[in-house]
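Undergrad: My questions concern the predicted model and sequence given below.
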Amino acid sequence: MNKSITAFLVVFISLAAMPFIADNYFVKLATFIAMYSALALSWNFIGGFTGYPSFATAAFIGLGSYAGAILQNAGINLIIAWVLASIITIIFAAFLGFAILRVKGHYFAVGSIAVVELLRLITSSWSSFTGGGDGLNVKIMEGGPDFAGRVFLYAMLAVMLLAFLTTLWVDRSKFGFGLKAIKQNEDAADMVGINVTVYKIAAFSLSAVFCGTVGAIYASWIGYIAPVDAFSIITTLKVPVMVLLGGEGTVFGPVLGALVFVLLEESVWAHFLEANQAILGLVIVFLIFFLPGGILKINYRKLLAKIQGVKGA
């Protein structure tokens, strides 16, 4: 546990220092790492601890981004708009969870991804309120790009920190023990007195609230949102992959997975734009068959011993 906290602090401080040691490109990269870390930590509540493969991440991001943008355009203060967007998202997730958490496995996965498409269709059609397919412009922050870049980096870092602290609490708490019990055997957890319905809805809501905040901040950062981008299926696939890459159900794994994924995407996949989705599919297959526990669960001593044995031979 202490190693996880130390590793997180190293990553967090490194990202926070970017505006002072690097140019705007690296500040933007740090912002994306903080953003995806927060999203991965959020997914870990329902997918990692509870074992329910949710694909509703993009629905919560999109809802948060539209709620935040509409509130800002209505004259609401920036930070208040972000908070209200988060509240709207968690309320929506609680009601949604009550409806779709009655099913399990691939039925739940299909139901959660259907919500993404449903919200995308609603925002595309409701042009008088959401701007429809043309999207919605958000007022750009004053102070210039350097100032705005720092503000949104630290806003994303704040969400990342809150998500990590919540993860620490869940991992150590009775609530977290209940979620792990549900993952192991839901029927057995119910038999020993765990209110599985309440626990699952709480985990699903936790997986949504920080996504809503990230969505609202992202809308303010970019200055424009559209249904296709806000409710992106690719995003809803990327986030679980990040968690699986780092190690699902762990404290630091989602952050590590997000860090590695974003750096790979930026350095390697950017040169293969047309094959981006195909590469993502290959990564998913690789994780399922060759790295099911993620990077953190690799037995490095055993791996090193095998490498040394091969060299000796």
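TA: Happy to help now that I have it.
Undergrad: State whether V251 is indeed within a helix.
TA: No: under DSSP: H, G, I helix; E, B strand; the rest coil, V251 sits outside any helix and is assigned coil.
Undergrad: which ones are touching it?
TA: V251 makes contact with 1, 4-5, 8, 164, 167-168, 171, according to CB atoms under 8 Å, 6 or more residues apart in numbering. Backbone N, C-alpha and C define where each C-beta goes, glycine included.
Undergrad: Now do the phi/psi pair for it.
TA: phi -80, psi -50 (degrees, to the nearest 10).
Undergrad: Next, count neighbours for the nearest residue to it once chain neighbours are set aside.
TA: Excluding its sequence neighbours, the residue lying closest to V251 (CB to CB, 6 or more residues apart in numbering) is S4, at 4.2 Å. Neighbours of S4 under the rule other CB atoms under 10 Å: 19.
Undergrad: Just the buried residues of the helix or strand where S4 lies, please?
TA: S4 belongs to helix 2-16 when assigned by DSSP states H and E. Going by neighbour count (16 or more other CB atoms under 10 Å), the buried part of helix 2-16 is 4, 8, 11-12, 15-16.
Undergrad: name the helices or strands packed onto the helix or strand that comes right after it?
TA: Downstream of helix 2-16, the first helix or strand assigned by DSSP H and E is helix 18-21. The contact analysis (3 or more CB pairs under 8 Å, 6 or more residues apart in numbering; DSSP states H and E) places helix 18-21 against helix 24-43, helix 144-172.
Undergrad: could I get helix 18-21 in PDB with only the CA atoms?
TA: Taking Å, rounded to 0.1, in the frame of the first residue of the first chain, the C-alpha atoms of helix 18-21 are listed here in PDB:
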ATOM      1  CA  MET A  18       5.300  20.300 -16.000                       C
ATOM      2  CA  PRO A  19       4.400  24.000 -16.400                       C
ATOM      3  CA  PHE A  20       7.600  25.000 -14.700                       C
ATOM      4  CA  ILE A  21      10.000  22.600 -16.500                       C
END
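Undergrad: roughly how far is it from the heart of the chain?
TA: Between the centre of helix 18-21 and the centre of its chain there are 24 Å (CA atoms, centre = their mean, to the nearest Å).
Undergrad: So the residue nearest to V251 is in contact with L256, correct?
TA: No: assessed by CB atoms under 8 Å, S4 is found out of contact with L256, at 9.5 Å.
Undergrad: Tell me which helix or strand in the chain has the weakest average pLDDT.
TA: For the chain, counting by mean pLDDT, DSSP states H and E, helix 300-312 ranks last in confidence among helices and strands (a mean of 53).
Undergrad: what residue ranges in the stretch 151-300 of the chain are flagged as low confidence?
TA: Within the stretch 151-300 of the chain, the segments meeting pLDDT under 70 span 268-277, 279-280, 284, 287-300.
Undergrad: shaky segments in the stretch 1-150 of the chain?
TA: Ranges of the stretch 1-150 of the chain meeting pLDDT under 70: 1.
Undergrad: Could you tell me which residues make contact with the residue most central in space within the chain?
TA: Central residue of the chain (CA atoms, centre = their mean): L39, 1.5 Å from the mean position. By CB under 8 Å, 6+ apart, the contact set of L39 is 57, 61, 210-211, 214, 239, 242, 258.
Undergrad: nearest spatial neighbour of I46, skipping sequence neighbours?
TA: S207 is the one closest to I46 (CB to CB, 6+ apart), at 4.1 Å.
Undergrad: Tell me if I am right that that neighbour is in a helix.
TA: Yes: counting by three-state DSSP, S207 is found in a helix.
Undergrad: Isn't it up against F45?
TA: Yes: contact criterion CB under 8 Å: S207 and F45 qualify, at 4.5 Å.
Undergrad: For these two, indicate the residue with more neighbours.
TA: With neighbours defined as other CB under 10 Å, S207 and F45 compare such that S207 has more, 30 against 27.
Undergrad: ok, the more buried one - contacts?
TA: By CB under 8 Å, 6+ apart, the contact set of S207 is 42-47, 54, 56-57, 60, 93.
Undergrad: Save those as a markdown table, and put in secondary structure too.
TA: Listed next are the contacts of S207 as a markdown table, based on three-state DSSP:
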| residue | secondary structure |
| --- | --- |
| S42 | helix |
| W43 | helix |
| N44 | helix |
| F45 | helix |
| I46 | helix |
| G47 | helix |
| S54 | coil |
| A56 | coil |
| T57 | helix |
| F60 | helix |
| A93 | helix |
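Undergrad: State the number of residues packed around the nearest residue to V159 once chain neighbours are set aside.
TA: Spatial nearest neighbour of V159, excluding adjacent residues (CB to CB, 6+ apart): A38 at 4.5 Å. Per other CB under 10 Å, the neighbour tally for A38 reads 28.
Undergrad: same thing with T166?
TA: As a burial measure, T166 scores 16 neighbours (other CB under 10 Å).
Undergrad: In contact with it, which residues?
TA: T166 touches 41, 45, 206, 210, counting by CB under 8 Å, 6+ apart.
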